[in-house]
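Asker: Quick one: sequence and predicted model below, then my questions.
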There are 2 protein chains.
Amino acid sequence: MERLLDIAEVSDRSGVSPSGLRYYEKRKLIVAVARNGLRRQYEPAVLQELALINLAKSAGYSLDEIGSVLRRPGATVIPRDVLVEKAGSLEEQAKRLVNLAKMLRHVADCPYEDHFECSRFRKLLIVATKVTNC
Amino acid sequence: MERLLDIAEVSDRSGVSPSGLRYYEKRKLIVAVARNGLRRQYEPAVLQELALINLAKSAGYSLDEIGSVLRRPGATVIPRDVLVEKAGSLEEQAKRLVNLAKMLRHVADCPYEDHFECSRFRKLLIVATKVTNC
DNA sequence: CATTGACTTGAAGTTGACTTCAAGTTGTAG
DNA sequence: CTACAACTTGAAGTCAACTTCAAGTCAATG
């Protein structure tokens, strides 16, 4: 029998505020499996779900999109090709971020005041935005 | 003498709506260099700026942050170490996205209904969130 | 030279993701 | 067994980033 975590502990360990946790519950991203009095109690696994939620949010997904994935178990499965496609666009976005990082590193050492006048900068920008999808 | 672009053309070519362009102008992210009657006219270079804005937005930067970079030319320069640090966190985020992509590819081929029950999935999640900063 | 349609403005409205609030409840420490 | 800190609720408020609106302007077309 696994120990349950109360909302304060989940908040501390996940970095999500208690009101945020309640909000996620309302949006059906997570569930509180029990109450201690009025206080929500969570399974430890919720920490993993929250880690996934934070990750997906930082990747630009909305809570709706994340929720539709998280609510899947027991429901219909996301088609394989949709998953593979999403993986592909995440990888593209990752490349864009790496290129943006390269731009910043270049700017750090570039003498131009207005970086749009620097040809190297412009080339990096073109590369960085070339992969733009969505 | 370079040809100016009017708002409709900039909107079409950048993917940013006319109202979005006006909003960016109000926020001082871009400038309209002229008017044809009341209609804003832009330098072609604005397309590059908009590409950078879109890129930075997708990387999670707010318009304020982006604007503070874009408004720099002529003003003070961003310290080198700040740039390098930002580059580093972008690269970390890129790694997280790649790991999230790996997770999705795994899920595409994994038989588990509830992926949190799959040990490979959990491992990928731990890896993907390990790099979590900020 | 009158019409039209694409723009203009400032203000108000919307959406997503929360946060804050006021009033109430309750497990636990003293 | 009382007090209190930490939760509870639903509703309202906030913030960023736009969008929509109503009323007006004007370049270009017929």
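Answerer: Received it, and whenever you're ready, just let me know what you need. Residues are numbered from 1 along each chain as shown, chains lettered A, B, ... in the order given.
Asker: From here on, just use CA atoms for contacts and neighbour counts.
Answerer: Will do.
Asker: can you tell me which helix or strand the nearest residue to A:Ala101 once chain neighbours are set aside belongs to?
Answerer: Nearest residue to A:Ala101 in three dimensions, chain neighbours excluded: B:Ala87, at 4.2 Å (CA to CA, 6 or more residues apart in numbering or on different chains). Counting by DSSP states H and E, the element that carries B:Ala87 is helix B:80-109.
Asker: For that helix, enumerate the helices and strands it packs against.
Answerer: Identification of packing neighbours for helix B:80-109 by 3 or more CA pairs under 8 Å, 6 or more residues apart in numbering or on different chains; DSSP states H and E yields helix A:46-58, helix A:80-109, helix B:119-130.
Asker: Adding distance to DNA strand D and mean neighbour count, write those helices out as JSON lines.
Answerer: Shown next, in JSON lines, are those (distance: least, CA to the nearest atom of the strand, whole Å; neighbours: other CA atoms under 10 Å in any protein chain shown):
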{"stretch": "helix A:46-58", "distance to DNA strand D": "14", "mean neighbour count": "19"}
{"stretch": "helix A:80-109", "distance to DNA strand D": "17", "mean neighbour count": "20"}
{"stretch": "helix B:119-130", "distance to DNA strand D": "24", "mean neighbour count": "17"}
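Asker: Serialize those helices to a markdown table and add fields for mean pLDDT and distance to B:Leu50.
Answerer: Output for the helices and strands packed on helix B:80-109, formatted as a markdown table (pLDDT from 0 to 100; distance: least, CA to CA, whole Å):
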| stretch | mean pLDDT | distance to B:Leu50 |
| --- | --- | --- |
| helix A:46-58 | 94 | 21 |
| helix A:80-109 | 93 | 14 |
| helix B:119-130 | 86 | 30 |
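Asker: of these, which approaches DNA strand C most closely?
Answerer: helix A:46-58 (7.1 Å; CA to the nearest atom of the strand).
Asker: Return the residues in contact with A:Val16.
Answerer: By CA atoms under 8 Å, 6 or more residues apart in numbering or on different chains, A:Val16 lies in contact with A:Val10.
Asker: Doesn't it belong to a strand?
Answerer: No. A:Val16: not assigned to a strand; according to DSSP: H, G, I helix; E, B strand; the rest coil it is coil.
Asker: what's the spacing between it and DNA strand C?
Answerer: 7 Å (CA to the nearest atom of the strand, to the nearest Å).
Asker: repeat for A:Tyr23
Answerer: Taking CA to the nearest atom of the strand, one finds A:Tyr23 at 6 Å from DNA strand C.
Asker: Okay, buried residues for the helix or strand harbouring that residue please.
Answerer: For A:Tyr23, the host element (DSSP H and E) is helix A:18-26. Neighbour-count burial for helix A:18-26, with 16 or more other CA atoms under 10 Å in any protein chain shown as criterion, is recorded at A:18, A:21-22, A:24.
Asker: And it, what does it pack against?
Answerer: Against helix A:18-26 (3+ CA pairs under 8 Å, 6+ apart) you get helix A:7-14.
Asker: Mind giving me the packing neighbours of the helix it packs on?
Answerer: Against helix A:7-14 (3+ CA pairs under 8 Å, 6+ apart) you get helix A:18-26, strand A:39-42, helix A:46-58.
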